[in-house]
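> Sequence first, then the predicted structure, then my questions.
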Amino acid sequence: MKAFLLAAGKGTRLRPMTDRLPKCLIPINGKPLLYYWFILCRRYGISDVLINLHHFGDMINEYVGKNEFNLNITLAYEETLLGSAGTVKANSDFIRDEKDFLILYADNFTNVNLKTLLDFHRSRNAILTMGLFKTDTPRAGGIAEVDETGLITSFVEKPEFPRSDLANAGIFVATPHILQHFPSKDFIDLGYDVLPQLVGKMYGYRINEYLLDIGTLKNYERAQSDARVLQF
């Protein structure tokens, strides 16, 4: 099993910490956020991980090089950011022979059960399954509506008038067929450029485990506290 771990963002909302560190190396309970992702991947049988780099990419390279995680890790530096789907497109050879693969946003702090997500995805024979969580701020993210089978019947990125409180968690299972839905440009955003095309073809999976986007100082402080009691 292979996964894209998207870690190239600048983390501007976490300044001043991200003025000296990439967001994925910010420490939570004494360990870099990236450490928890590697633990999660290893636990659920993900053998190969591709990490895209941009902001302080050399620091991520050094961290990966100095530590042994029993994973095959590929680092893909982006001189210019390619977007969440642009990274997948630019590195499509990484997953060309896979039946399915994961796309994971590295700014999440989570202990999600990836096995149950994969089982759900495979039971639906879906082109893509999107992890979903209930949000109190639906205007701030990608919002999905689902039917009783989990089929996503609408998806809008940062809607002005949200019709649901189920938000994109930044955790996906996809098949290589998704590449056929990528537009012909270099910068491609999943939320704006790809997911709206897949309405009626993709499924939503409600994540019941802990999930927190640490993209703000408030959430980062919360993650520090929560990490002391979470099981990893």
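That came through fine.

> C-alpha from now on. contacts and neighbour counts both.
Noted.

> give me the low-pLDDT residue ranges for this structure?
Along the chain, the parts satisfying pLDDT under 70 run over 11, 14, 231-232.

> quick one, longest strand in it?
For the chain, the strand with the greatest residue count under DSSP state E is strand 166-174.

> Could you identify the helix or strand that succeeds that strand?
Moving toward the C-terminus from strand 166-174, the next helix or strand (DSSP states H and E) is strand 203-206.

> where do the strands sit along the protein?
Along the chain, the stretches classed as strands by DSSP E are 2-6, 27-28, 31-32, 48-53, 72-77, 101-105, 108-110, 128-134, 142-146, 152-157, 166-174, 203-206, 211-213.

> Pipe those strands into CSV and attach mean neighbour count per row.
Output for these, formatted as CSV (neighbours: other Cα atoms under 10 Å):
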stretch, mean neighbour count
strand 2-6, 23
strand 27-28, 18
strand 31-32, 13
strand 48-53, 22
strand 72-77, 16
strand 101-105, 21
strand 108-110, 22
strand 128-134, 23
strand 142-146, 23
strand 152-157, 21
strand 166-174, 24
strand 203-206, 24
strand 211-213, 16
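
> which one of the ones you listed lies closest to Arg13?
Proximity to Arg13, assessed across the strands of the chain by Cα to Cα, is greatest for strand 211-213 (11.6 Å).

> got the contact list for that closest one?
Residues outside strand 211-213 that contact it (Cα atoms under 8 Å, 6 or more residues apart in numbering) are Asp107, Asn108, Phe109, Thr110, Asn111, Val112, Ala169, Asn219, Ala223.

> again, only using 10 Å
Applying Cα atoms under 10 Å, 6 or more residues apart in numbering, the contact partners of strand 211-213 are 105-112, 133, 169-170, 219-220, 222-223, 226.
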